[in-house]
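Enquirer: model the structure of this input:
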Amino acid sequence: MRILLIITIIILTGCDTSVNYSEHTKTSYIDGTKMTVQISVANKSTRFKCVESQSGTCFFKVSSQRFQQKTTTSICTSIPLDDFQLRLGKAKEFTGINIQEKFLHCASAFKFSQENECTLS
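Expert: Prediction:
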């Protein structure tokens with residue numbers, strides 16, 4: 001009976017118990033160097049993990065892409081957040097301000113030498 005009461009309260013209060021989750025692994029070969037990164041998205045959080053890199057390190061650049069609805073148009077803003085490096089097996093997580101925020105990134109097995117070396121996706 002108690003369980004039924006708790007479920008009824010959750011339903012009536014509009015508690016959203018769903019989790020939006022996606023995960024993908026990307027392997028790239030740049031100048032003959034192999035690197036694999038894993039990106040996991042759960043609700044407002046995005047996690048970047050260095051899975052494989054011939055240099056032993058993955059270098060990342062991360063930006064936030066935020067959307068605002070203004071009457072009939074959408075405004076999209078990209079904000080640079082962080083440049084960081086991760087050793088093999090390590091991960092870093094970013095939490096968004098809302099579920100519509102996306103985290104764009106680029107990754108390399110070597111440190112970025114120029115600003116235009118990175119194409120965010």
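
Enquirer: rest of the way, CA atoms for contacts and neighbours
Expert: Noted.

Enquirer: quick check: residue 102 touching residue 66?
Expert: Yes. Counting by C-alpha atoms under 8 Å, residue 102 does reach residue 66; the two are 6.6 Å apart.

Enquirer: CA atoms only: put the host helix or strand of residue 27 into PDB for me.
Expert: In this assignment (DSSP states H and E), residue 27 forms part of strand 21-30. Provided in PDB are the C-alpha atoms of strand 21-30 (Å, rounded to 0.1, in the frame of the first residue of the first chain):
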ATOM      1  CA  TYR A  21      21.400   9.000 -22.300                       C
ATOM      2  CA  SER A  22      23.600   8.600 -25.300                       C
ATOM      3  CA  GLU A  23      27.200   7.400 -25.800                       C
ATOM      4  CA  HIS A  24      29.500   7.200 -28.700                       C
ATOM      5  CA  THR A  25      33.100   6.400 -29.300                       C
ATOM      6  CA  LYS A  26      35.100   8.100 -32.000                       C
ATOM      7  CA  THR A  27      38.400   6.800 -33.400                       C
ATOM      8  CA  SER A  28      40.500   9.100 -35.600                       C
ATOM      9  CA  TYR A  29      43.700   8.800 -37.500                       C
ATOM     10  CA  ILE A  30      45.600  12.100 -37.900                       C
END
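
Enquirer: ok, and the closest non-adjacent residue to residue 74?
Expert: What sits nearest to residue 74 in space, not counting adjacent residues and going by C-alpha to C-alpha, 6 or more residues apart in numbering, is residue 68, at 5.6 Å.
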